[in-house]
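Student: here you go, sequence then predicted model.
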Amino acid sequence: MMIDKQFKHTIVASVISSLAWVALPSFANGFHTENGGTTGGDGGQVVRTTTGTQIHAALCNRVSSDTPITIQVEGTINYGNTSKVSGPSCNTAADKIELKNISNVTLIGVGQGALFDELGIHIRSSSNIIIRNVHVRNVKKSGFPTSNGGDAIGMEKDVSNVWVDHVTLEASGGESDGYDALVDMKNDTKYVTVSYSILRNSGRGGLVGSSDSDDNNGPVTFHHNYYENINSRTPLLRHATAHSYNNYYDGLISSGMNPRIGGKIKAENNYVKDSKDPLGTFYTNDMGFWDVSGNIWNNVRWSNDGNKVHPAGPNPVSTTSIGIPYQYQPDQASCVPAIVMATAGADKGLAVSDGRCHVTPGDDHSGNGNDNGGDQDNGGGSTSGSNLALNAGADGSSKGNGTSYGNVTDGDSSSYWSPRGTTGTISVKRLNQTINAVRIIELSGTQGTVTSWSLVNHDDGATLASGNSIPGVISFPNTNLDKISFVIHSASGTPAIAEFEVYKN
């Protein structure tokens, strides 16, 4: 079994019962650990960047195209600050983040987060690449500006050993709106893992194999990802083999996992909700195959089998058997929604599952096991003990019609508080004790609305944590206070906070 160097830095064991059984964290598991493993820039120089041009310069300033490097990114990367940089160790472009003809690179968001706004990340003819803790949104293939063929992350032509982890990828529509896919792999792309990531609001999740003749891609692993409001392709597989486990599929509109023309997928312990045709062969009669076990299908609509429509349901059974070469410990499907919502996406502190339905801290943000970033971990922890907010009070800056401050401390995640508008403050008061963690739970269906926040000790005005999206758990040093405030600085719509939980771990 191949275990990459990053995994060695992040093993978290939990002892279960008197048998002292040690769980393997569902962390760096996937096909990227095969074929020699994926270590990215481990052992190389660490460079901090705040523009796309600086990212390209960091690649171009290396001694050679395979000199290891970790590129830390903070801030918004867009057309205005991204230009082509030339050099013997790089091959960059002005309209995308170009990882071309290179190897041994880690690209990781740090500090207040890394947002690639309307600018895609393109991996071409490259190997041993890690992309972690970044947010990529609204990459277009038509309209303005265009980037990366409309893919948030695209891999093509002789690409191998890529790990995409804890990223948020989103669009604002489908092909007719100018967008393509969130993550595409084609033309000899092999040994890839996409883990602990959010893919939302897109016509296409992604594909492995761009045409029926593109038959040399994969294998690929997808685990602990959240697919929300996706029309199709989660993923589309042509010829390739994929392993999909512990993913949360929420609102698949037309179809989901779509192996075809010999493609195969092992789908296990996933949770699928409010979706149509989440597994099968669609839009062709060239069949694919599936190996299914442990999945939960909640309010799933299955089409009748017909011409170019071959759903696996309504009672999915395996049509093949797929062996997995790496070691992994899947969570039970029943806890997948909670685990995935607490861990998936950028700015979640790289939190992971322990394989037994518990959230554990992630590794540091440097991407190579060394704390070189100096940034604050805003959410890698778990909670223990009682929710102290249940015995406290609440107030805030304003409240929208029909909402109440007290709704965030009532233990009911169906009631909520909203501000009047897109910004505001909600506070838990009368604590008068030491705390070190909170959990902010957004109303179901509104996750991701908040785009900038801070957690403030109301007693002295000190900022305890901040971020661009709300992590599952926000951890901070022991702090004695009476009142703590969650301040929403910006949001894409009206926020809805269902619970503001407070803990002393």
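Tutor: Happy to help now that I have it. Residues are numbered from 1 along each chain as shown.

Student: make sure S475 is actually in contact with A437.
Tutor: Yes: S475 is within contact range of A437, at 4.8 Å (criterion: C-beta atoms under 8 Å). C-betas here are computed from N, CA, C, even on glycine.

Student: tell me the strands beside the longest strand seen in the chain, with direction?
Tutor: When the chain is parsed with DSSP state E, its longest strand is strand 103-117. Paired strands of strand 103-117, with direction, are strand 69-77 (parallel), strand 127-132 (parallel), strand 134-137 (parallel) (DSSP bridges).

Student: and G421, what does it touch?
Tutor: Residues counted as contacts of G421 (C-beta atoms under 8 Å, 6 or more residues apart in numbering) are S398, T494.

Student: where's it relative to G493, distance?
Tutor: Distance of G421 to G493, given as C-beta to C-beta, to the nearest Å: 10 Å.

Student: what about the closest residue to A181 other than its chain neighbours, neighbour count?
Tutor: Among residues not flanking A181 along the chain, R204 sits closest, at 4.2 Å (C-beta to C-beta, 6 or more residues apart in numbering). The local packing of R204 (other C-beta atoms under 10 Å) involves 24 other residues.

Student: so what's R204 bridging to?
Tutor: A181, S232.

Student: M287 touches K264, doesn't it?
Tutor: No: at 10.5 Å, M287 does not count as touching K264 under the criterion of C-beta under 8 Å.

Student: quick one: which of these two has more around it?
Tutor: For M287 versus K264, neighbours defined as other C-beta under 10 Å are more numerous around K264 (21 against 14).

Student: quick check: the more buried one touching G288?
Tutor: Yes: between K264 and G288 there is a contact under C-beta under 8 Å: 6.5 Å.

Student: common neighbours of those two, please.
Tutor: L237.

Student: now do the SS call for G149.
Tutor: For G149, the assignment made with DSSP: H, G, I helix; E, B strand; the rest coil gives helix.

Student: could you count how many residues lie near it?
Tutor: When neighbours are defined as other C-beta under 10 Å, G149 has 16 of them.

Student: residue contacts, the closest residue to it other than its chain neighbours?
Tutor: Nearest residue to G149, sequence neighbours excluded (C-beta to C-beta, 6+ apart): K141, at 5.2 Å. Residues near K141 by C-beta under 8 Å, 6+ apart: G149, G150, D151, G178, Y179, D180.

Student: cool, and N201?
Tutor: When contacts are counted by C-beta under 8 Å, 6+ apart, N201 touches E170, A171, S172, G173, E228, N229, I230.

Student: please report the distance of it from G493.
Tutor: Counting by C-beta to C-beta, the gap from N201 to G493 is 12 Å.

Student: can you get me a residue count around S142?
Tutor: Neighbours of S142 (other C-beta under 10 Å): 12.

Student: list the residues that contact the residue nearest to it when sequence neighbours are not counted.
Tutor: In space, S142 comes closest to G178 once its chain neighbours are excluded; the distance is 4.4 Å by C-beta to C-beta, 6+ apart. For G178, the contact set (C-beta under 8 Å, 6+ apart) comprises K140, K141, S142, G143, T146, G150.
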